[in-house]
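Visitor: here are the coordinates; sequence isn't available:
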């Protein structure tokens, strides 16, 4: 009798405190998807809303995928093998409903317009994680989804993540800096 191994789905683990702001993830992503260095078209974006606090921002693969259910043209679907949200460019009408539905406002308009871009996990081998690991930062690294983690907690907008990270680094209202 053979046992079936549980199917593991990839996920990009985030350790925000380790992000140096180098933006290698944006470069690797744009090279993979656009064939050139074009950070504005990257599916992962690094925000620096507070000096010294960089936040890599990418799809969290929410438990209920609100972006998919919000799409009026059915251009978004979940890849069952990886769990990633896939955008059908032919069906996408670039209405932005998925952006508004996403708790982290993670999908964004491609710089040339006409379609939305969302992290597709590079088919299960995310380039952003590979380059971040190779560079030694490990702010992003490839992991597997676990039933014990609430992935919805990662679906936050950059402002909220930055605020929480800044408090973690500098304390509430910069108390450590004023002492």
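Guide: Arrived safely. Just so you know, these numbers come straight off a predicted model, no measurement behind them.
Visitor: which ones are touching residue 154?
Guide: Residue 154 sits next to 14, 60, 104 when contact means C-beta atoms under 8 Å, 6 or more residues apart in numbering. For the C-beta atoms, the positions are set from N, CA and C on the backbone; glycine is no exception.
Visitor: now the helices for the chain?
Guide: For the chain, applying DSSP state H gives helices covering 24-34, 66-70, 97-101, 127-135, 158-170, 175-178.
Visitor: switch the ones you listed over to CSV; also include mean neighbour count.
Guide: Putting the helices of the chain into CSV (neighbours: other C-beta atoms under 10 Å) gives the following:
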stretch, mean neighbour count
helix 24-34, 21
helix 66-70, 18
helix 97-101, 19
helix 127-135, 20
helix 158-170, 16
helix 175-178, 9
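Visitor: any idea which of those scores lowest on pLDDT?
Guide: The stretch with the lowest mean pLDDT among the helices of the chain is helix 175-178, at a mean of 48.
Visitor: related to what we said a few turns ago, among the helices of the chain, which is nearest residue 46?
Guide: Closest to residue 46 of the helices of the chain is helix 24-34 (C-beta to C-beta; 6.1 Å).
Visitor: work out the gap between that closest one and the centre of the chain.
Guide: 13 Å (C-alpha atoms, centre = their mean, to the nearest Å).
Visitor: which residues sit against that helix?
Guide: Residues from elsewhere that reach helix 24-34, judged by C-beta under 8 Å, 6+ apart: 36-39, 41-46, 56, 117, 119, 122, 127-132, 135, 140.
Visitor: low-confidence regions, the protein specifically.
Guide: Residue ranges of the chain with pLDDT under 70: 1-7, 173-179.
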